[in-house]
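J.: I'll drop the sequence and a predicted model, then ask my questions.
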Amino acid sequence: MLPPVDVKELTIVDYLQILYKRIWIMVTLVSIIVGFVAYKDLSATKIYETASTVLVTKETASVTGEKKLIRKQTDITNRETQVLLLRSNSLADRVIESLSLLQDPQFFEDKDPARKLLSMIEINSVEESNVIKITVRGQDPLLIAKIANSWIEEFILSDVERRSKTTRQGAAWLNKQTKEALENLQKSEKELNTFVKENRIITIPEVGKKAERSIAALRAQKVQVEKGLIEALKLYKEKHPKIFAIKNQLAAVEIKLEEEVDAMYDLQEKALEYKLLSRDVANYKARYEKFQQRMQDLDISRELLESNIQLVDEAQPPLKPIYPNPQKDISMAFIFALAFGVGICYFLEYLDSTLKTSDDVELYTKMPFLGYTPLVTKEFEAGVTNDLITHKSQFSQIAESFRSIRVSLLFVSPEDKPIKSITITSTIPKEGKSFASINLAIAFASAKEKTLLVDADMRKGRLAKVFDLEGANGFTSVLAGMNKWQDLVVETKIPNLYFLPHGTTAPNPTQLLNSEKLKTILNEMEGQYKRVILDTPPVLSVADAIILGKKTDGLVFIIKAASTPLDHILAAKKILENKVQIIGVILNGVDVKKDRYYYYHYSYSNPDASKNT
């Protein structure tokens, strides 16, 4: 149980004790996990890894200074494109054919050898560089080295072939474009010559300037005539011959101006058409000359054709597999199992609310600790009744424990007022209170103290069965006034031990216990016996223990180690507090061989322990 910080601050020793207490969990987890990982690694197929690297350089410029010779050529110099090409099925097919991998069983039996091969390959580009790494994994170290090197060789070869093919395609395209450019040039030149002949054009700019000067002169003449008309109208009337003459002159000038303007427009149209035809000739001529130059460059590039991919590191056959790695895997498995085991131990300790040691008893219940009793195991011969083990196996650890508890009881009371009557109870059933009552009584009797053991559990008392007195009258009939207790006490086969059975099952035990007669009976018992021990029902079941505890010298609380929940114990204690004098607690059923807390005492008092351990 992990105590709250306000109750107790755990030390390193406390944490180590928690681990030691459940060391078997850690050992089991470590054994299973490490064993499984070791078996898996040793039985797994070994996988090897090798790698080769290539450098992708930038596209080299042509002798003409052009970066690209052909317009339709695809840019394949960037790393991302090269990585995609390195992962292509076509490259895998080339490597399979180059190395005759279809003769290898692992490829021959596969429906898709290319996919099988690609699953063995990993392509990665190194950041901030033009280096690409080709990693190959497989079962055969020699084969994967061949695959890695062949992968690069075939890639470089395919790159050269691709460039050569592109160059051939480019040459054909250039030839076609050059031919079309020549045809267009010839056609445009012919159209220009025909236009010049039909329109008898020598120089368009000179004719245009002459027409512009003529139009300007006519416009100036028109202005002078109009001014003369205005002056004449001041002197003459509309029908005067002078006015008619001036108007006729003005009309003639306007007709001449209109003819000159129309001629100018016609000339401009011819000039524009001439300009367009001339521009077409110039464009087709420039295009034709450019294609001619590219054809010359292409012829040079054929002679300088090479790949921009270079081998940096060649793959070597690996000496050690990358998987499995038993040393690493087993170490990691051990660390994981250990950490997991520690976590499980602390988690179980957190969930565990039971008491296991004297420190637990005193820390959580705040009740005095009288002693512990070990689990009843194979300490004694077959056939010996467990309930009488203190008598039958006097040198056993259990007998020694009860003798130690008897001594503790002697020291908890003043010498002038010793404890004579003791009520034995527990929190819940099955905690061993009856077992403790019998053996504690035997311990007192063995010390030559006249002891009376009373089975005060009038509902489910079982002590009569232990002493072969089932069916006899007992404590119930005494309280009911049917018998005197002196007449029903039986002397057992154990010296100094006397026993009063519970008798018949009573319908109203609590009512009987509340009678005034009980205190008188207990006083009489204390007068005739040095020790009176009463075995009573559990506290949380009925109120019998409280009633008897009030009328005896005190109450001893039995707690089953590693079994009874703390909240049950505290609930029982709350019922008893301020009502009964609680002498102390006996921790019953301690597994001393597993609990280091008690083991040294156990080994010392049990000479055979070291032999059996």
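T.: Received, thanks. Numbering: from 1, shown residues only.
J.: Which residue, other than its chain neighbours, is closest to Tyr364?
T.: Once flanking residues are discounted, Tyr364 sits nearest to Leu566: 5.7 Å by C-beta to C-beta, 6 or more residues apart in numbering. Just so you know, the C-beta spots here come from the backbone N, C-alpha and C atoms, and that holds for glycine as well.
J.: how close does that neighbour sit to Phe369?
T.: 15 Å (C-beta to C-beta, to the nearest Å).
J.: Phe499 sits in which helix or strand?
T.: Using DSSP states H and E, Phe499 sits within strand 497-500.
J.: any residues touching that strand, and which ones?
T.: 441-442, 445, 450-455, 463, 467, 469, 474-475, 478, 485, 488-492, 529 (C-beta atoms under 8 Å, 6 or more residues apart in numbering).
J.: Just the buried subset of the residues you listed, please.
T.: Among the contacts of strand 497-500, those scoring as buried are 441-442, 445, 451-455, 463, 467, 469, 474-475, 478, 485, 488-490, 492, 529 (criterion: 16 or more other C-beta atoms under 10 Å).
J.: from the contacts of strand 497-500, which ones fall inside helices?
T.: Using DSSP state H, the members of the contacts of strand 497-500 that fall within helices are Ala441, Ile442, Ala445, Leu463, Phe475, Val478, Trp485, Leu488.
J.: Now do the fourth one, the pLDDT please.
T.: Confidence per residue is given as pLDDT, and for Leu463 that number is 93.
J.: May I have the residues that are in contact with it?
T.: Leu463 is in contact with Ser434, Ser437, Ile438, Leu453, Asp455, Asp457, Phe499, Pro501, His502, Asp535, counting by C-beta under 8 Å, 6+ apart.
J.: Any of those residues buried? List them.
T.: The buried subset of those - by 16+ other C-beta under 10 Å - is Ser434, Ser437, Ile438, Leu453, Asp455, Asp457, Phe499, Pro501, His502, Asp535.
J.: Thr365: which of those is nearest?
T.: Proximity of the buried ones among the contacts of Leu463 to Thr365 (C-beta to C-beta) peaks at Ser437, which lies at 20.1 Å.
J.: On the three-state scheme, that closest one is what?
T.: helix (DSSP: H, G, I helix; E, B strand; the rest coil).
J.: can you pull up the bridge partners for the spatially closest residue to it that is not a sequence neighbour?
T.: Spatially, and ignoring its direct neighbours in sequence, Ser437 is nearest to Asp535 (3.8 Å; C-beta to C-beta, 6+ apart). On the basis of DSSP bridges, Asp535 is bridged to Ile424, Asp455.
J.: what's near enough to touch Asp535?
T.: Counted by C-beta under 8 Å, 6+ apart, Asp535 has contacts Ile424, Lys433, Ser434, Ser437, Ile438, Leu453, Val454, Asp455, Ala456, Asp457, Gly461, Leu463.
J.: Read off the pLDDT value for it.
T.: Asp535 is given a pLDDT of 97.
J.: That one and Pro501, how far apart?
T.: 11 Å.
J.: what is in contact with the two at once?
T.: With C-beta under 8 Å, 6+ apart as the test, Asp535 and Pro501 both reach Asp455, Gly461, Leu463.
J.: can you list the buried ones among the contacts of Leu463 in JSON lines and add distance to Leu118?
T.: Converted to JSON lines, those look like this (distance: C-beta to C-beta, whole Å):
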{"residue": "Ser434", "distance to Leu118": "77"}
{"residue": "Ser437", "distance to Leu118": "81"}
{"residue": "Ile438", "distance to Leu118": "81"}
{"residue": "Leu453", "distance to Leu118": "87"}
{"residue": "Asp455", "distance to Leu118": "85"}
{"residue": "Asp457", "distance to Leu118": "81"}
{"residue": "Phe499", "distance to Leu118": "89"}
{"residue": "Pro501", "distance to Leu118": "89"}
{"residue": "His502", "distance to Leu118": "86"}
{"residue": "Asp535", "distance to Leu118": "82"}
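J.: count of residues packed around Phe244?
T.: By other C-beta atoms under 10 Å, 12 other residues sit near Phe244.
J.: How much space separates Ala561 from Met1?
T.: Separation of Ala561 from Met1 (C-beta to C-beta) stands at 12 Å.
J.: ok, now Lys530?
T.: Where Met1 is concerned, Lys530 sits at a distance of 39 Å (C-beta to C-beta).
J.: and what of Phe155?
T.: 68 Å.
J.: Over to Leu469?
T.: From Leu469 over to Met1 (counting by C-beta to C-beta), the distance is 41 Å.
J.: quick one: terminal-to-terminal distance for stretch 531-545?
T.: 18 Å (C-alpha to C-alpha, to the nearest Å).
J.: From the chain's centroid, how far away is that stretch?
T.: From the chain centre to the centre of stretch 531-545 is a distance of 55 Å (C-alpha atoms, centre = their mean, to the nearest Å).
J.: cool, and stretch 439-459?
T.: Worked out by C-alpha atoms, centre = their mean, stretch 439-459 lies 61 Å from the chain centre.
J.: Between its first and last residues, what's the separation in it?
T.: 21 Å.
J.: Please say which of Phe155 and Met1 ends up with more neighbours.
T.: Phe155 (23 against 16).
J.: Would you check that the more buried one makes contact with Ser88?
T.: No: Phe155 sits out of contact with Ser88 when judged by C-beta atoms under 8 Å, with a separation of 9.3 Å.
J.: Next, give phi and psi for Ile134.
T.: phi -110, psi 110 (degrees, to the nearest 10).
J.: mind checking how far it is from Leu86?
T.: For Ile134 relative to Leu86 (C-beta to C-beta), the value is 7 Å.
J.: what is in contact with those two at once?
T.: Ile123, Trp151.
J.: neighbour-wise, which of those two wins?
T.: Neighbour tally, Ile134 and Leu86, criterion other C-beta under 10 Å: the higher count belongs to Ile134, 24 against 20.
J.: Roughly how far does the more buried one sit from Ala92?
T.: 12 Å.
J.: what residues are shared contacts of these two?
T.: Common neighbours of Ile134 and Ala92 (C-beta under 8 Å, 6+ apart) are Ile121.
J.: what's around Ala181, how many residues?
T.: Ala181: 20 neighbours (other C-beta under 10 Å).
J.: Now do whatever helix or strand it lives in, average pLDDT.
T.: For Ala181, the element it lies in under DSSP H and E is helix 141-199. Here helix 141-199 scores 78 as its mean pLDDT.
J.: I'm done for today, thanks for sticking with me.
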